[in-house]
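> show me how the following folds:
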Amino acid sequence: MIKYLGSKRTLIPHIRAAVGAIPDVRSVLDLFSGTSRVGHALKQMGQFVIANDQLTFPVMLARCYVEADAEVYRGPAERLIADLARVPPRPGYFTETFCERARFFQPKNGARIDAIRDAIANLDLDPVLEAIALTSLMEAADRVDSTTGVQMAYLKQWAQRSHNDLELRVPELVPGSGRAMQGDASTSASTEVDLAYLDPPYNQHRYIGNYHVWETLVRWDAPEHYGVACKRIECRDHKSDFNSKRRILEAFEQVIQALRCKHILVSFSNEGYIAREELEQLLSTRGEVGVVDIDFKRYVGAQIGIFNPSGKRVGRVSHLRNKEHLFVVSEQRKIVGQVVDKVRQELAS
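Next up is the predicted model:
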């Protein structure tokens with residue numbers, strides 16, 4: 001899956017342990033789905049997952065990893081991606097914008113991305129099969145990019161991986177059904193499920209600015225752009241209350257109150273705008289609350305420092321590790337205790 005700020009890759013075993021310790025959970029709402037890494041893992045457990053996000057590229061990832069049934073789509077996906085891999089390169093908007101004006105990718109790979117994306121657009125595909133193809137292309141591009149993991153800027157010198165040739169692969173599809181949604185969190189929160197998993201933005205980082213290349217690649221709308229990184233114009237004005245220290249608590253409260261589920265699981269960083277105690281108090285309005293703190297490395301950009309578009313380091317690395325608070329909420333105290341014990345056992349092992 002693509003590199004992603006705030007990815008829960010290392011937390012997946014703990015999240016699976018938590019969900020597995022709650023009896024009679026058959027449906028899960030992943031309200032801020034991002035790469036759908038969590039939704040994908042829970043679908044593998046046999047859950048019916050509903051993945052929601054506001055941006056377009058995460059919805060494509062959710063259609064691929066959550067909605068697509070491997071038993072239906074694996075064969076057609078293999079044939080489609082084999083055909084797309086044979087499309088000859090042809091430079092266009094993507095190459096000019098992200099390989100020449102900006103330097104996120106080598107021009108040889110940009111020309112292949114342009115040609116493959118045009119081919120996908122011209123095929124009039126089933127929406128789920130199209131999402132699988134777009135996911136394959138995003139992930140192929142991600143493997144040959146020249147960034148620290150976010151698209152606010154590119155490296156001054158080409159990353160070694162950027163010299164590799166773009167290679168399409170069939171995504172890891174999971175048997176069974178699921179659902180992808182695109183909507184505002186406060187609206188989509190009212191979807192009725194057994195359990196809701198929440199992993200909201202927690203500080204000033206806006207995902208459309210960090211991953212604007214993927215948004216443009218999926219929407220394929222050749223937008224006007226600005227700055228050295230060639231960000232979409234809408235990146236200037238696209239704001240979320242979850243990115244505001246002043247408004248995040250109220251926004252989170254609206255979501256929590258709108259949820260229609262028996263159990264809630266929340267992942268929130270200690271670097272977030274809401275303190276652990278505040279969040280625990282808010283969640284207590286929905287039932288008993290248990291918390292497990294999980295220590296892990298910060299994302300790679302924070303570990304090596306932040307660089308401006310010219311490649312100059314700006315700011316200092318203050319720390320290399322942080323804590324993820326994993327909250328479990330249920331009306332039944334016994335269930336909360338079971339989940340906390342299970343996650344702590346999993347951590348110890």
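> got a list of what residue 134 touches?
Contacts for residue 134 (Cβ atoms under 8 Å, 6 or more residues apart in numbering) come out as 60, 64, 120, 217, 218. Every C-beta, even on glycine, is put in place using the N, C-alpha and C of the backbone.
> now do 6 Å
60, 218 (Cβ atoms under 6 Å, 6 or more residues apart in numbering).
> and for the one 4 residues further on?
Contact partners of residue 138, counting by Cβ under 6 Å, 6+ apart, are 2, 214.
> for the helix or strand containing residue 112, buried residues please.
Assessed by DSSP states H and E, residue 112 sits inside helix 107-122. Across helix 107-122, burial judged by 16 or more other Cβ atoms under 10 Å covers 108-120.
> now for residue 334, how many residues are close by?
Using other Cβ atoms under 10 Å, residue 334 has 10 neighbouring residues.
> so which elements touch the host helix or strand of it?
Under the criterion of DSSP H and E, residue 334 resides in helix 333-348. The contact analysis (3 or more Cβ pairs under 6 Å, 6 or more residues apart in numbering; DSSP states H and E) places helix 333-348 against helix 12-20, strand 288-297, strand 321-330.
> just want the angle from the last one to helix 333-348.
Inter-element angle recorded for strand 321-330 and helix 333-348: 150 degrees (by axes from the mean of the first three to the mean of the last three Cα atoms, to 10 degrees).
> just to revisit the earlier point, for the helix holding residue 334, list the C-alpha coordinates in PDB.
Output of helix 333-348 as PDB, limited to C-alpha atoms (Å, rounded to 0.1, in the frame of the first residue of the first chain):
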ATOM      1  CA  ARG A 333     -17.400  -2.800  31.400                       C
ATOM      2  CA  LYS A 334     -16.600  -6.500  31.100                       C
ATOM      3  CA  ILE A 335     -16.000  -6.000  27.300                       C
ATOM      4  CA  VAL A 336     -13.800  -3.000  27.900                       C
ATOM      5  CA  GLY A 337     -11.700  -5.000  30.300                       C
ATOM      6  CA  GLN A 338     -11.500  -7.900  27.800                       C
ATOM      7  CA  VAL A 339     -10.200  -5.700  25.100                       C
ATOM      8  CA  VAL A 340      -7.700  -3.900  27.200                       C
ATOM      9  CA  ASP A 341      -6.300  -7.200  28.500                       C
ATOM     10  CA  LYS A 342      -6.200  -8.700  25.000                       C
ATOM     11  CA  VAL A 343      -4.300  -5.800  23.500                       C
ATOM     12  CA  ARG A 344      -1.800  -5.700  26.400                       C
ATOM     13  CA  GLN A 345      -1.200  -9.500  25.900                       C
ATOM     14  CA  GLU A 346      -0.600  -8.900  22.200                       C
ATOM     15  CA  LEU A 347       1.800  -6.100  23.000                       C
ATOM     16  CA  ALA A 348       3.700  -8.300  25.500                       C
END
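> and for it, what's in contact with it?
13, 14, 17, 18, 21, 22, 288, 290, 292, 328, 330.
> before we move on, back to that, which helix or strand lies directly C-terminal to the helix holding residue 112?
Downstream of helix 107-122, the next assigned helix or strand under DSSP H and E is helix 127-142.
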